[in-house]
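[1] here you go, sequence then predicted model.
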Amino acid sequence: MSKKLYITTAIPYVNAKPHVGHVMDYLIADIWARHQKQLGHEVRFQVGTDEHGNKIAAKAAEAGQDPQTFTDENCVKFKQFIDSLEVSYTDFIRTTDPKHQAVVQYIWQQLAPYIYKGTYEGWYCEGCESFVTDKEAAATNGVCPDHDKPYQRLSEENYYFKASEFSDKVRAAIEGNKLKIVPEFRKHEFLNMIKDGLLDVSISRPKKSLSWGVPVPGDDTQVMYVWLDALANYITVLGYPENETWREYWPADIQVVGKDIMRFHAGLWPAMLLGLGVSLPKTLLVHGHVTVAGSKMSKTIGNVVDPVEVIDKFGVEALRYYFSRHVSTTDDSDFSWDKFEKAYNNELANDLGNLVSRAANMVMRYQAGVVGELQKPEHDMFAYNEALRELRFSDAIAEAWALVQGANKFIDETKPWVIAKNAENDPEEKEHLDEVLGHVVGSLLQVANMLYPFLPATSEKIYETFNTGVVKPLEDVLFPKIRLEAPEAAAPVLPEPAALARPPVPPAEPEQNEIG
RNA sequence: CGCGGGGUAGAGCAGUCUGGUAGCUCGUUUGGCUCAUAACCAAAAGGUCGGUGGUUCAAAUCCACCCCCCGCAACCA
């Protein structure tokens, strides 16, 4: 029976451009969404951008733009990025959408019984015009690194949301897996974090220190702090509350978030929903972070990898492949160009791409392109289906590779080229050849099917090549080999005395990084 | 101090719940094959499973203590 399902992704803060870490959210959600669609379900799939707050206003000022222009431009960058990943989302929301803002104000009013005025105290930088966390203040020895000024202890009046009121209910929901946190260790981590209850959360700032945000209804001196605004997107995008269809999709089946923002999604967000009388999402899928060559990505270190660069060099499918297969959903994983290149060449080009070539070529060569009777796929799909059901995505795609390797092995063992030679005079061998190649093609069609959630374009290409029973060979090879130049290799070496006599070597061209 | 994750072949990991010949991928070496993208297939070498002690006929696996790395502790995907 067809179900209506809903999956959400965290909305990125648009104060910087996308980095490879952002791929996680979209890809996980997209794999799941595509798989569910294959199973015949209808999937609502939200993505969007988080656009309010001081950091954005500051960035905009830095760029000499007003915040709206700035976010308009940055929103486009994220949208292009998401589109370039071939993400099959159905809804794109911006927190600056007037409709979203209006509903956020409505939500505030609904939560009014749990909102009270309080005093916020913390370390404040006059230059930044914002508070920093205690942790950050400690890390910088109490001096703002951007302005070289000591932080001041300041307090200001603002509104608090009584999340503490819902501590027991939230805890019970998580413990009883009504709100299931995946993986399990994150659930334990969070339950431990809230063992003394949820803390009330400051949800507004005086307008003078935060102007770029949703105004607090009934108090024009205050503006909402970003989390209330941002979290609400998951239901405002569905048309909550006036468009009743939101109820067809909510509660969300899966909410995908990074480990860094789990606490807001496991604590504050459920508390808000309880305050609104809305049911809690079913699953919170918490993914790990991506490190680059073993280190945390950081602008100061300058090791931030731009996913668009990866796509330019290797293509979307390769990026999707690497993140599906070699980046753990739940743990931190490493990205490096070297690993990426190896995975691409060994697995996509040699294992899969080459298998498609050799299969297509043999059918063309020995049977004039006509595939004999297709052998029924025989690979047991249980492990694949279980892996997807349990959100173990890399295990699922690995199953497809087991099939690919099995097919390569099968070809080597059955030696169709030998059968083809014998078949010239032996009808029985001709039949045997038919059978063997039919088996290979059958396997490939099954591979295409399994690959669809992960590599939709590749899946489609394989399908098109073999599906009709008459091979339509690809114009280009699937996944041509790519070698990135190693910049180190081009480094000048001190010439041997004998070499000095030789004509000068033309200068190596740096920055080539060419696809070859 | 507390909580969580981890320490297994040169690298990256599985196996630990439910003790019983230590496994996968990459890399290395050798062999086979020629349909294919110098691709594919096979075999070999390589590990005292962080340490110490305990339980057991038997411990990577269970128990105790210890060492080291990473993360979290409320606004960083």
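    All right, it came through fine. The structure displayed is predicted, hence computed values, not measured ones.
[2] run a quick neighbour tally on the residue in the stretch 301-450 of chain A positioned nearest to RNA strand B.
    The minimum distance from the stretch 301-450 of chain A to RNA strand B, using C-beta to the nearest atom of the strand, falls at A:G353 (1.5 Å). Backbone N, C-alpha and C define where each C-beta goes, glycine included. As a burial measure, A:G353 scores 21 neighbours (other C-beta atoms under 10 Å).
[3] and A:A10, by the same measure?
    26.
[4] cool, and A:Q68?
    A:Q68 has 12 nearby residues by other C-beta under 10 Å.
[5] that older thread, correct me, but the residue of the stretch 301-450 of chain A closest to RNA strand B touches A:F479?
    Yes. With contact defined as C-beta atoms under 8 Å, A:G353 reaches A:F479; the gap is 3.9 Å.
[6] off-centre distance for the helix of greatest length in chain A?
    Secondary structure of chain A per DSSP state H: the longest helix is helix A:427-451. With C-alpha atoms, centre = their mean, to the nearest Å as the basis, helix A:427-451 stands 35 Å off its chain's centre.
[7] what about it, near RNA strand B?
    No. Among the residues of helix A:427-451, none lie within reach of RNA strand B under C-beta under 7 Å from any atom of the strand; the closest is 8.9 Å away.
[8] ok, now stretch A:469-482?
    Yes. Using C-beta under 7 Å from any atom of the strand, stretch A:469-482 reaches RNA strand B at A:477-481.
[9] can you tell me which of those are buried?
    Burial by neighbour count, 16 or more other C-beta atoms under 10 Å: within the residues of stretch A:469-482 next to RNA strand B this picks out A:478-479.
[10] JSON lines for the residues of stretch A:469-482 next to RNA strand B, including distance to A:R389, pLDDT and secondary structure?
    Below are the residues of stretch A:469-482 next to RNA strand B laid out as JSON lines (distance: C-beta to C-beta, whole Å; pLDDT from 0 to 100; DSSP: H, G, I helix; E, B strand; the rest coil):
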{"residue": "A:V477", "distance to A:R389": "34", "pLDDT": "91", "secondary structure": "coil"}
{"residue": "A:L478", "distance to A:R389": "29", "pLDDT": "93", "secondary structure": "coil"}
{"residue": "A:F479", "distance to A:R389": "29", "pLDDT": "94", "secondary structure": "coil"}
{"residue": "A:P480", "distance to A:R389": "35", "pLDDT": "94", "secondary structure": "coil"}
{"residue": "A:K481", "distance to A:R389": "35", "pLDDT": "92", "secondary structure": "coil"}
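[11] from the residues of stretch A:469-482 next to RNA strand B, which two are the most distant?
    Using C-beta to C-beta, the residues of stretch A:469-482 next to RNA strand B span at most 11.2 Å, a distance reached by A:L478 and A:K481.
[12] where do the contact lists of these two overlap?
    In terms of C-beta atoms under 8 Å, 6 or more residues apart in numbering, A:L478 and A:K481 are both contacted by the residues A:A349.
[13] lowest-confidence helix or strand of chain A?
    helix A:497-500 (a mean of 34; mean pLDDT, DSSP states H and E).
[14] show the average pLDDT along stretch A:445-457.
    Average pLDDT, stretch A:445-457: 96.
[15] and the strands in the stretch 51-200 of chain A, which stretches?
    All strands of the stretch 51-200 of chain A, identified by DSSP state E, counting those that start in this stretch, fall at A:91-94, A:115-125, A:130-132, A:143-144, A:149-150, A:152-161, A:180-182.
[16] which strands and helices lie in contact with the last one?
    Using 3 or more C-beta pairs under 8 Å, 6 or more residues apart in numbering; DSSP states H and E as the contact criterion, the secondary-structure elements in contact with strand A:180-182 are helix A:184-193, strand A:283-287.
[17] what's next to it, contact-wise?
    A:174, A:187, A:190, A:262, A:266, A:282-286, A:330, A:391.
[18] and the one helix or strand A:V47 maps to with RNA strand B, contact?
    According to DSSP states H and E, A:V47 maps onto strand A:42-49. No. Against RNA strand B, strand A:42-49 shows no contacts by C-beta under 7 Å from any atom of the strand, the least distance being 10.7 Å.
[19] just the CA atoms of that strand, as CSV, please.
    Extracted in CSV, the C-alpha atoms of strand A:42-49 (Å, rounded to 0.1, in the frame of the first residue of the first chain):
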residue,chain,number,x,y,z
GLU,A,42,4.9,9.1,-2.1
VAL,A,43,7.7,11.1,-0.5
ARG,A,44,7.6,14.7,0.6
PHE,A,45,11.2,15.9,0.9
GLN,A,46,12.1,19.3,2.3
VAL,A,47,15.3,21.3,1.9
GLY,A,48,16.0,25.0,2.6
THR,A,49,18.1,27.7,4.0
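[20] which strands border it, and is each parallel or antiparallel?
    strand A:4-9 (parallel), strand A:91-94 (parallel) (DSSP bridges).
[21] tell me the angle of the longest one relative to strand A:283-287?
    With axes from the mean of the first three to the mean of the last three C-alpha atoms, to 10 degrees defining the directions, strand A:4-9 sits at 30 degrees from strand A:283-287.
[22] counting by contacts, list what the next helix-or-strand element following strand A:4-9 packs against.
    Later in the chain than strand A:4-9, the nearest helix or strand by DSSP H and E is helix A:21-38. Applying 3+ C-beta pairs under 8 Å, 6+ apart, one finds that helix A:21-38 contacts strand A:4-9, strand A:42-49, strand A:254-258, strand A:283-287, strand A:290-292, helix A:316-325, helix A:382-389.
[23] any weak-confidence spans in the stretch 351-500 of chain A?
    Low-confidence segments of the stretch 351-500 of chain A, defined by pLDDT under 70, span residues A:376-378, A:485-500.
[24] near RNA strand B, which residues of it show up?
    Residues of the stretch 351-500 of chain A found near RNA strand B, taking C-beta under 7 Å from any atom of the strand as the criterion, are A:351-354, A:356-358, A:361-362, A:365, A:405, A:408-409, A:411-413, A:415-418, A:477-481.
[25] buried set for stretch A:439-448?
    A:439-448.
[26] next one: stretch A:413-422
    A:414, A:416, A:419-420.
[27] then that stretch to PDB, C-alphas only?
    The C-alpha coordinates for stretch A:413-422 follow below in PDB (Å, rounded to 0.1, in the frame of the first residue of the first chain):
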ATOM      1  CA  GLU A 413      35.100 -18.400 -15.200                       C
ATOM      2  CA  THR A 414      32.700 -19.100 -18.100                       C
ATOM      3  CA  LYS A 415      34.900 -17.500 -20.700                       C
ATOM      4  CA  PRO A 416      32.300 -16.400 -23.200                       C
ATOM      5  CA  TRP A 417      35.000 -15.700 -25.800                       C
ATOM      6  CA  VAL A 418      35.900 -19.400 -25.800                       C
ATOM      7  CA  ILE A 419      32.200 -20.400 -26.100                       C
ATOM      8  CA  ALA A 420      31.800 -17.900 -28.900                       C
ATOM      9  CA  LYS A 421      34.500 -19.600 -30.900                       C
ATOM     10  CA  ASN A 422      33.000 -23.000 -30.300                       C
END
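[28] can you say which of the helices and strands packed on strand A:180-182 is packed in most?
    Of all the helices and strands packed on strand A:180-182, strand A:283-287 has the most neighbours on average by mean count of other C-beta atoms under 10 Å, namely a mean of 24.
[29] that strand pairs with which strands, and in what direction?
    Strand A:283-287 has its sheet partners listed here by DSSP bridges as strand A:180-182 (parallel), strand A:254-258 (parallel).
[30] for it, what is the distance to the chain centroid?
    12 Å.
[31] just stretch A:262-277 next, same as before
    23 Å.
[32] what residues does it touch?
    A:10, A:107, A:110-111, A:113-114, A:161, A:163, A:165-166, A:169-170, A:173-174, A:179, A:181, A:186, A:189-190, A:193-194, A:198, A:201, A:227-228, A:231-232, A:234, A:255, A:257, A:279-281, A:284, A:286.
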